[in-house]
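Novice: need coordinates for the below:
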Amino acid sequence: MNITQVREHLHRLIDEVDDIYVLNGLYRNLLSDKRQREEYELAQREKAQKQQSNLGVKTPRKGH
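Specialist: Now for the predicted structure:
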């Protein structure tokens, strides 16, 4: 393997590592967004249940 081939191979490896870092960052962002959405939805459900209980309305239970 001559120096030119080694250099080309090294550049390809660097590009692959860069791609992995980008994909890893995107994955972390997606996980963060999902976690935030789940927390928001949970807070909204809890808020709705609290409002219903304040109005004296019971939430239906599964199987009843």
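Novice: only C-alpha atoms from now on, for both contacts and neighbour counts.
Specialist: Will do.
Novice: give me the phi and psi for residue 2.
Specialist: With angles defined as degrees, to the nearest 10, residue 2 sits at phi -90, psi 180.
Novice: quick check: the gap between it and residue 8.
Specialist: 10 Å (CA to CA, to the nearest Å).
Novice: likewise for residue 56?
Specialist: On the measure of CA to CA, residue 56 and residue 8 end up 72 Å apart.
Novice: ok, residue 47 next?
Specialist: Residue 47 sits at a distance of 58 Å from residue 8 (criterion: CA to CA).
Novice: output the below-cut-off pLDDT ranges for this structure.
Specialist: Applying pLDDT under 70 to the chain flags residues 57-64.
Novice: which residues in it form helices?
Specialist: Residue ranges of the helices in the chain, as given by DSSP state H, are 3-54.
Novice: please work out how many residues are found near residue 50.
Specialist: Counted with other CA atoms under 10 Å, the neighbours of residue 50 add up to 13.
Novice: residue 36 versus that one, what's the distance?
Specialist: Distance, residue 50 to residue 36, by CA to CA: 21 Å.
Novice: repeat for residue 2
Specialist: For residue 2 relative to residue 36 (CA to CA), the value is 51 Å.
Novice: between residue 2 and residue 8, which one's more packed in?
Specialist: residue 8 (11 against 6).
Novice: might you report the residue contacts of the more buried one?
Specialist: Listed by CA atoms under 8 Å, 6 or more residues apart in numbering, residue 8 has no contact partners.
Novice: now with 10 Å, please.
Specialist: Shown in contact with residue 8 (CA atoms under 10 Å, 6 or more residues apart in numbering): residue 14.
Novice: likewise residue 39?
Specialist: Going by CA under 10 Å, 6+ apart, residue 39 touches 33, 45.
Novice: next one: the one 3 residues further on
Specialist: With contacts taken as CA under 10 Å, 6+ apart, residue 42 has the following neighbours: 36, 48.
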